[in-house]
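Novice: sequence and predicted structure, then a few things I'm wondering about:
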Amino acid sequence: MANLKEIRNRITSVSSTMQITSAMKMVSAAKLKKAQDAITAMRPYAEKLTELLQNLSATLEGDAGGEFTTQREIKKVLLVVVTSNRGLAGAFNTNAIKGAKSRAEFYAGKQVDVFAIGKKGNDVLSKTLPIIANESAVFDDLTFDNVAKIADSLMEKFIAGEYDKIELIYNQFKNAATQIVQTEQFLPLAPIKSDLTVTPGDYIFEPSKEEIVLTLIPKSLKTQLYKGIRDSFASEHGARMTAMHKATDNATELRNQLKLTYNKARQASITNEILEIVGGAEALNG
């Protein structure tokens, strides 16, 4: 059994760790509220924009999406992987990285590059896959304008023919304890199918429907990327809050066990001292 000093040091160490994890849990809870409100407010807009684009595209004939819908033989694939810049978030980063590796295996035999958004994903995936860019700084000021610049860069790479397909991999926020890894096709735009029947006389378009669709597509892609990063941002804080809550509970349990062990050892030590004193007194009397 460890001596009393060692046990006291362990109790102090575990108590300090418990204070840190408890503080991190409270910080993540505060940040989660803001991040959750942001993604909850944005989802209806993103869904309505997609619905509008589908309704318009359903009334057009031929290739209405221009260069954004060009289907090419898949030889070069770009994976946009969204992780976080910090750890201590449970399996949050690991799941996204596993998703990226799984897609890379799916495209075995083809050129697969990674566009990293988040330091953790960049650090791990750079060991096995080529990283063409790392936009970790976007989390320092997460705004639509900053994300739009990244989306513009991705669109330019696709239009220039640098990549035949671009996929987005991120953690979708469901609740604080649940994050779902999503893989979405970013470019080319998937063929839009709609069951809605819209006749040419239903709406008056100004300018033409074709011009409206070509204007909406870049905006829709920017919104899709921004929603993905926002989802991931909320998921990160949810995962970290949950992880720190579990860590605090585990530290509390370990501290209680150590205190019990300390008390037993102290009691045994006192008992031994009493026995030694009694034994010494008996020896003197004898």
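Specialist: In hand now; what should we look at? This is a predicted model, so every value here is computed, not measured. Residues are numbered from 1 along each chain as shown.

Novice: which other helices and strands contact the strand or helix carrying Ile39?
Specialist: Secondary structure here is read from DSSP states H and E; on that basis Ile39 sits in helix 4-58. Applying 3 or more CB pairs under 8 Å, 6 or more residues apart in numbering; DSSP states H and E, one finds that helix 4-58 makes contact with strand 165-175, helix 209-285. In this view, the C-beta of every residue, glycine as well, is placed from N, C-alpha and C.

Novice: give me the number of residues near the closest residue in space to Ile7 that isn't next to it in sequence?
Specialist: In space, and not counting its chain neighbours, Ile7 is closest to Tyr262: 4.5 Å by CB to CB, 6 or more residues apart in numbering. Burial of Tyr262, expressed as a neighbour count using other CB atoms under 10 Å, amounts to 17.

Novice: name the SS class of Gly90, please.
Specialist: coil (DSSP: H, G, I helix; E, B strand; the rest coil).

Novice: what sits against the residue lying closest to it once chain neighbours are set aside?
Specialist: Leaving aside its chain neighbours, Gly90 sits nearest to Ala243 (3.9 Å; criterion: CB to CB, 6+ apart). Residues in contact with Ala243 (CB atoms under 8 Å, 6 or more residues apart in numbering) are 88-90.

Novice: who is Ile166 paired with across the strands?
Specialist: Leu78, Leu187 (DSSP bridges).

Novice: my read: it touches Val80, true?
Specialist: Yes - the pair formed by Ile166 and Val80 meets the contact definition of CB atoms under 8 Å, at 6.5 Å.

Novice: residue ranges with poor pLDDT in the chain?
Specialist: Residue ranges of the chain with pLDDT under 70: 1-2, 57-65, 191-203, 286.

Novice: rerun at 90
Specialist: Judged by pLDDT under 90, the chain has its weakly predicted residues at 1-5, 43, 46-71, 176-177, 188-217, 265, 268-269, 272-273, 275-286.

Novice: and among the helices and strands packed on helix 4-58, the most buried is which?
Specialist: For the helices and strands packed on helix 4-58, the largest average neighbour count (mean count of other CB atoms under 10 Å) is found in strand 165-175, namely a mean of 22.

Novice: that one - contacts with which helices or strands?
Specialist: Under the contact criterion of 3+ CB pairs under 8 Å, 6+ apart, strand 165-175 touches helix 4-58, strand 76-82, helix 92-106, helix 144-159, strand 178-187, helix 209-285.

Novice: can you say which of the ones you listed is nearest to Asn122?
Specialist: The minimum distance between Asn122 and the helices and strands packed on strand 165-175 falls on strand 76-82, with 8.4 Å, by CB to CB.

Novice: tilt between the closest one and strand 165-175?
Specialist: 20 degrees (axes from the mean of the first three to the mean of the last three CA atoms, to 10 degrees).

Novice: circling back: measure the residue nearest to Gly90 to Lys101 for me?
Specialist: Using CB to CB, to the nearest Å, one obtains 22 Å as the distance from Ala243 to Lys101.
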